[in-house]
Each structure stands twice: as C-alpha cells, then as structure tokens.
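Peer 1: fold the stuff below for me.
(one chain, ligands or ions: 1)
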Amino acid sequence: PVAAPPSTVDGFVREFLLNLNSGRGVTLSNASATDKYFALAHTVRDYLMARWLEDLRRQREVQDKGVAYLSAEYLLGRQLDNNLLASGLSEIAEEALAACGIDLDVLRQQEVEPGLGNGGLGRLAACFIDSLATMGVPNVGYGIRYEYGIFRQTFVDGQQAEQPDAWLSLGSPWEFAHPEGAQTIAFGGHTETYDDEGVPRSRWIPAWNVQAVPYNYMVPGYQNGRVNTLRLWSAVATNSFDLRVFNSGDYEEAVRAQTYAENISKVLYPEDSTPQGKELRLQQQYFFVAASIRDVFDVMLPADFELTNLPERIIFQLNDTHPVIAVPEFMRVLVDEKKMDWDAAWAVTQQCFAYTCHTLLPEALEVWPVELLGRLLPRHLEIIYRINEDFLVAVREKFGDDEMRIRDMSIIGEHPVRSVRMAYLATVAGAKVNGVAELHSQLLRDKVLPDFNEFYPGKFINVTNGVTPRRFVRLSNPSLSGLITDALGTGWVTDLERLRELEAYAEDPEFRTQFAEVKAANKRLLSDVLRERDGFEVSDGHMLDVMVKRLHEYKRQMLKVLHIVTTYEGIISGRVAVGDVQPRTFIFGAKAAPGYVMAKRIIHLINAVGSVVNNDPRVEGKLKVLFPPNYNVTLAERVIPAADLSEQISLAGKEASGTGNMKFALNGALTIGTDDGANVEIRELVGDDNFFLFGMSEPEVESLWAKGYKPSSFYNADSGLRRSLDLIAAGAFSGGDRSMFEPIVSNLLYDDRFMVLADYSAYIGAQAKVDAAYADQDAWTRSAILNVARCGYFSSDRSMRDYIERIWHTAPSF
Ligand code: 26Q
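Peer 2: Sure, this is the predicted structure:
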C-alpha cells in the first residue's frame, strides 16, 4: 500500500496544497471555503489511507472472528475533527493551515453532518464502531447510505417545518464508492418447489431487483493506527435487461421503474417510536441486510469455507428489529443456495445472530403484515413459517399444549391482521438478547418477553449503553479535557474509569475554581454559537437547564414546560420571591416525527411560552427559554459541555436507557431525573447527593395504573398545577386564543398516558432543591466534578467489552 505523507507541518502543507490544486483544480488564492474544506478532508484521508488499506487486506487474510454490526442508522456527526484527532494530526493541521493563512475552525464549520439516524439508537451505533476501532476489534458496520438524512427542522410561527436534508449536495469527501462491488438484490415474485436429485426443495423466482452499491467510510481508532470500515449501501437501478423483467418494456415505464428502485435508499424514515408498516421501509431493511450478508460471504470467507464453522468467524449484531429480516435471508442463503440441511443451517444461524432491543413501548415493536411480507419476500415468509413451526413444537414440548401460551409466543400474530412479530423472530434466532440498561433488561425479561425468558433461560442479558469519550469529551469539551489531562495525563481518553482519580480533586478549591472557569468558558462558547446560528443571547451567570432529545410524550417535555410556566406565573403573580429563584436559561432541542401531531403541538407550545417569557420585562434577567431549531450532533457537542442541569424526566419504565444523560454527566452537569433507564445506574454511581431524583418508580407507575389513574385528581389537588394549566388553557401563550393548546391541556387532564400530572408536584419540589443547591456555587461545582469522576463506566469502550465478553466472544486482533 501507499505510504502516508510525512507527519510534519511542511508535509501537511504540501499534501494540502496538492489536494487543493490537483483535487479541486484551484489555487490557494482563489479557493472557496468549500474547496479548502475538501482539500483538508482529503489530506486527512491520505494520512489514514495506508493503515486502512492494510486493515482491509488483513480482514481478508486473518481468520479472526469479526462483528458485522447491522444497523439501519448511523448518526455519525461531523467527521473532520474526529479523524484529525484519531490520526493525531490536530496540531499539525492547525499549524499547517495557519501557515497558509487559513483558520481551521472556519473549515470545520463547512462540514454538513451526515444525519443518517433519528436519535439514540443511531448515535449508539456510531459510538460503538468508534470504540471497536479504538479497541482494535475486527468489525464492519453495515447500513444504508440515505441520500437524505433526518429532516432539517425550522420553526415557522413557532411550529415545526421540515426541509429535506440534502447532505450530499456538495459531495462527501469521506466516502469511497465501489460500483464494481455492487450486489444484486431481488424482490417479489413467487416460490416453487423442485426436485433436487431426489431432495424436494423450494426456490425463489423473484420479479425485480436493484443494485446495492457499497460506499466505504473510514472508522479510525483513537491514535492506534487502526482503521475499521463502515459500509453503507446505495440503491441503483439495474440495467435495462433487468428492468424489462419488472415492466412490459416501454420506455416511460422503464424510467418509472428506475426511479422506483432508486427510491429505496432515498430517505431516512423520521419515525422512531411508531413504525408505520410501510412497504418502502421493508424494502430498505431487506436491501441492506441482503447486501451485507452477501458481502460477508464475499469478502470475509474463502470460497470453500466449511459453513458449519461460521459461528467461529462471524457474529451479526441486530441493532433493534430493523435488520431482523437478515435471519430468514441467512437461512435462505444457507439452505437454498449453499444446499445446507435445514437443521444444520438453523443451528448455525442461532449462533451467528444476537439481538439488541431498544424499547419497552408496545407500539414501537415492529410487526410486518404477512400479506406485505409475502408479496415482497415470498421465500422469506415460507422460511419464517417453518422457523415458527419448529419453535412452537419445542414450546409444546416444554410447556405442554397451552394454546393461550402458544398463541402469545407465536412469531405470527393474528390481530388486527396476520403479521410477523419481528422482536419474537429476533429472540428465537438470537444467541443472546440484550436490553440497554439494567432496569430495561429487567423489564424486558419480566414484562415484555417473560414467556421467552422462561423458555430460553440465560438468553436474556443486559449490556448498559455507553458513549464515546473521544467525541463527547475530548473533542466537544477541549477545556475540560485539558484540565483532566493536566491532572491525570492522557490515558483517560481510552480508559475512562481513570476519571475516578478526579474524586480527590473535587476537594481541592483550586481545582474547583478551574473547573468552574471551564464551565463558564463553555457557556460563552455556546453563547457565541447560538448568537451566530439563531440570534439568541445567553445571559452571563444563568444556570443552563437543558433538555435535548427527540420530542416524545413519554420523555415528558411537557413536564419541563409546566415547570417553566409555574416559575413564570409564580414570579409575575408575586407569589414567589424573586430572590428564591436562580436566574435560569432553559434550552430545548427536539425534533418531532412529522406525523406525530401531539409532539408538534408541544413544540409549538414551547416556542409560544418562550416568546412570552422572553418578552416579559417582569422576568427579564431571571428566566429565558431558548429553543434552537434543528438539534443535531453538531449542536449537541456545543450544548452539552455548557450545561449545568441535565433533564432526564421520562416516565419510569419508558426510556430504555438514554445516552444523553451519560454525556451530560461526563461533562459535569447534574441530573434531575426519574428512576428510569440508565439514570438508575448514573445515580448509583454518582451518589444521591449529586443527583436530583424525583417521581414515581416503575412499580409505583404500575400500581397507579392498576388502581386507575385519574389525572384530574392531581389537577384538583395542586394549586400550582391548576394555575399553570389554566394559564395555558386561557390563552396566555397564544394571544388569548383558547383553542390553540386546548388539545394539550385536555390530553393531560383526561388521558395523560405518561402521567405528567402525577409527577408534577415531585418535579417542582426537586426543582426547588436545584435552586437551593445552585445558590452554593462551590458545592455545586464539587458535585459536578464528582459526576465526571464517577461516570467513567459509561464509556462505550466498556459497553463494547461487555458485548465482546458476553455475546460475541471476539478478541482484539492484528
Ligand atoms: C422502525 C420501523 C419503521 C420506521 C422507523 C423505525 C424506528 C426507527 C428508529 C424505530 C425506532 C428508532 C429509534 C429508537 C431509539 O433511538 N431508541 C433509543 O435507543 C437508545 C439507544 O439504546 C436508548 O438510549 C433510548 O432510550 C431509546 O429510546
């Protein structure tokens, strides 16, 4: 392979100018910011290339076991800084560019982040592949190269509007297209049985197909010379011969067919809680997993590989149910194409897959109508039926002919229409099934899949999520990183438990002062970003109270709104002494699924409350509400290091884990939160004194439901709640219009599925404690340091070690 350019300022300058001249066709003096950004990105690539080519070669040669991470989403965030850091080139690049009269920071801003995910699940996948590369574990991340990522959010009169995210409009300097490596992916048609030398077999006669073109992305480990690969598939229509199969042959129809095929990777579905059962979504899922499985056979395994040994070479990790159609596809390849005996193929399959569940909400569990699945993938439906038959025979053997139980456990559900339950298929096929936080995994075992847990003892395990300290501490918070490195040296970046050593520093007044200065500096940086981006002003000396995550009723942004309205009403009515309230800026970031009407109403209300509060002189300098549009990874990297208070206020038992909660704690924000998801583990680690816990526990939620929840009784019992809801209902935030937010108010009063009103008073009480605690700045800072010191556990390196030891049984290699 090629040698990397010399790692010197001069070497970097030469490579950069070469890329600018030969790659962009411009000179330094007439280069645009885009030109310079592309030339810089290409320069960084050049440094990583030799290692990458070497690792790709070894991937074929070495007989180690590899992880194929199958995920419909990768929420990568910007690549430039990450790749500079990984390659150890940050300082050299900065100096080299300065020598050319260029400010690196200006070029950083040019990058459009690839938003190929909705939120937590997609970001988790990005953290995991970063950790695997950093740990030197053989891994390919497989996914979809959506032409349009998560929509860009704007506000029009306070209401969300969605714009397409044309992230590829200028091209991406980080991707490598390999059209020569395209796979043909078939759909539709029918199956037939035939006689294969006396063995009756089924085969699939598809009706149409598309090409899956791979695009490779470098996934560099942190300063370890390792570069793994992310391989995303893009759909391209096949040649006219194949198109003729799909249509009757006329030109217009052929063009239409082409568009149809290329639609498959056109756009990311922006729903993340209520899958709609759309045909195109199933096409996306099959498209990328079928291409990925073929890729594994092509690039990882020799042609004569003994298939029964597959579990020693490969494990497919299913990121939720989205890639579960890989299970029948793998069986189809083994049985129909490789002519393996069914039982042998099934034994292999059950060792080659593992499934991660990311939810507890019943409405979020994916099901595919049999009618749809059979039309698109007729052979796969047959295979699923066969898997189910065998499974139910085994269930009868173990549990007896308990028809109720058989119906409950069947992979095929009957109501409201006959459908395939993808989570059940994943559970039956997976060697292991894991939840993403202790509480979540427990509830998965006890509440969601108890029959399966009884049937498969030991199959259900927990692996608590984590986040990469490279992106979310080292890169996003350079000031804090500098402070930590001054105290501990650099090792913490790949060994986050070493943050423990900061505990002693929490008792050092000097260190506390420095830590407080870092926080203040991060607030000023955020202030600059928000001024530039949105024209917002962040006042000095305010507590930054932040709630950033997808907009969902279960996450309860409404509870936050009620706290703001209560505080506002308290001050303007004179009921609350202004001196008892700490000056606060509330920051929201949240996208709502475009079809989620209630979520969009809540966004509208947040903006409406903001515009009243921010324009009322009676609370000037005291309260401010900021809702920058289009929250994404790039903004998260600015907001999180500046935060004082992290809002993690979901209804207990609903948030599988949360990962934002970890990022905040690692950046020295204190959490106000319920006993939910990974909050439980955060609180256990940081200690009760450094965490504001409130609200019902999951068992308390259950028992309130069981005895009959009446939200109006909480309304009647709490005057603060009454005044706040009444104020919203009276049109105080809608120019007197009583109808605008009426659906929100009545939903809370008469339905309130997520028990906002039940937890209101506890939340207000906890916020009063926050105010009191914040009044003692030095004590607050001490708590913040302890949060950082005690949250090293939440590194995604640790999550990856857990997967490796308990699920994958792989080892670092090379
Ligand atoms: C499924 C079918 C059709 C269309 C869309 C979807 C879909 C897409 C995305 C369903 C769900 C998602 C995303 C879910 C998600 O992000 N879950 C979060 O995962 C995090 C990582 O484990 C957890 O920390 C969060 O608690 C969980 O909400």
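Peer 1: so where does the residue of the stretch 501-650 of the chain found nearest the ligand fall, helix or strand?
Peer 2: For the stretch 501-650 of the chain, the residue positioned closest to the ligand under CB to the nearest ligand atom is residue 550, at a distance of 7.3 Å. Where C-beta positions appear, they are placed from N, C-alpha and C, glycine not excepted. Under the assignment given by DSSP states H and E, residue 550 is not contained in any helix or strand.
Peer 1: which residues touch the nearest residue to it once chain neighbours are set aside?
Peer 2: Nearest residue to residue 550, sequence neighbours excluded (CB to CB, 6 or more residues apart in numbering): residue 119, at 4.6 Å. With contact taken as CB atoms under 8 Å, 6 or more residues apart in numbering, residue 119 is in contact with 75, 272, 549-550.
Peer 1: possible to save these as JSON lines with pLDDT and neighbour count?
Peer 2: Conversion of the contacts of residue 119 to JSON lines gives the following (pLDDT from 0 to 100; neighbours: other CB atoms under 10 Å):
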{"residue": "75", "pLDDT": "98", "neighbour count": "26"}
{"residue": "272", "pLDDT": "88", "neighbour count": "22"}
{"residue": "549", "pLDDT": "98", "neighbour count": "24"}
{"residue": "550", "pLDDT": "98", "neighbour count": "21"}
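Peer 1: hmm, which helix or strand of this structure has the shakiest average pLDDT?
Peer 2: Ranked by mean pLDDT, DSSP states H and E, the weakest helix or strand in the chain is helix 240-246, scoring a mean of 55.
Peer 1: next secondary structure element downstream of the helix ranked longest in the chain?
Peer 2: In the chain, ranked by residue count with DSSP state H as the criterion, the top helix is helix 33-61. Scanning the chain past helix 33-61 towards its C-terminal end, the next helix or strand to appear is strand 66-70 (assignment: DSSP H and E).
Peer 1: list the contacts of that next one.
Peer 2: Judged by CB under 8 Å, 6+ apart, the contacts made with strand 66-70 from elsewhere in the structure are 59, 125, 128-129, 132, 137-143, 288-289, 292, 296, 300, 313-319, 323, 326, 803, 808, 810.
Peer 1: okay, that strand in CSV with CA atoms only?
Peer 2: Output of strand 66-70 as CSV, limited to C-alpha atoms (Å, rounded to 0.1, in the frame of the first residue of the first chain):
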residue,chain,number,x,y,z
GLY,A,66,-15.5,-10.4,13.2
VAL,A,67,-18.5,-8.4,14.2
ALA,A,68,-21.0,-7.4,11.5
TYR,A,69,-23.0,-4.6,13.1
LEU,A,70,-26.3,-4.4,11.3
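Peer 1: downstream neighbour of that strand in the secondary structure list?
Peer 2: By DSSP H and E, the next helix or strand past strand 66-70 is strand 74-75.
Peer 1: tell me what that next one is packed against?
Peer 2: Of the remaining helices and strands, those touching strand 74-75 by 3 or more CB pairs under 8 Å, 6 or more residues apart in numbering; DSSP states H and E are strand 115-116, helix 120-135.
Peer 1: return the subset of the contacts of strand 66-70 lying in helices.
Peer 2: Per DSSP H, the contacts of strand 66-70 map to helices at 59, 125, 128-129, 132, 288-289, 292, 313, 326, 803.
Peer 1: looking at the stretch 51-200 of the chain, what residue ends up closest to the ligand?
Peer 2: Residue nearest to the ligand within the stretch 51-200 of the chain: residue 120 (2.9 Å; CB to the nearest ligand atom).
Peer 1: burial measure for that residue, as a count.
Peer 2: For residue 120, the neighbour count with other CB atoms under 10 Å is 23.
Peer 1: can you tell me how far it sits from residue 399?
Peer 2: From residue 120 across to residue 399, the span is 35 Å (CB to CB, to the nearest Å).
Peer 1: now do the helices in the stretch 401-550 of the chain.
Peer 2: Across the stretch 401-550 of the chain, reading from the start of the chain, the helices by DSSP state H, counting those that start in this stretch fall at 403-409, 422-429, 438-443, 450-455, 469, 478-488, 509-534.
Peer 1: contacts for the third one?
Peer 2: The reference is to helix 438-443. Looking at what lies outside helix 438-443 - CB under 8 Å, 6+ apart - the contacts are 357, 360, 434-435, 460-462, 464, 653, 656-657, 675-677, 680-681, 698.
Peer 1: for the ligand, what are the nearby residues on the stretch 401-550 of the chain?
Peer 2: The interface of the stretch 401-550 of the chain toward the ligand, taken as CB under 6 Å from any ligand atom, is made up of 436, 465.
Peer 1: hmm, the residue of the stretch 501-650 of the chain closest to the ligand is touching residue 270, no?
Peer 2: No: no contact is recorded between residue 550 and residue 270 when judged using CB atoms under 8 Å, the distance being 9.7 Å.
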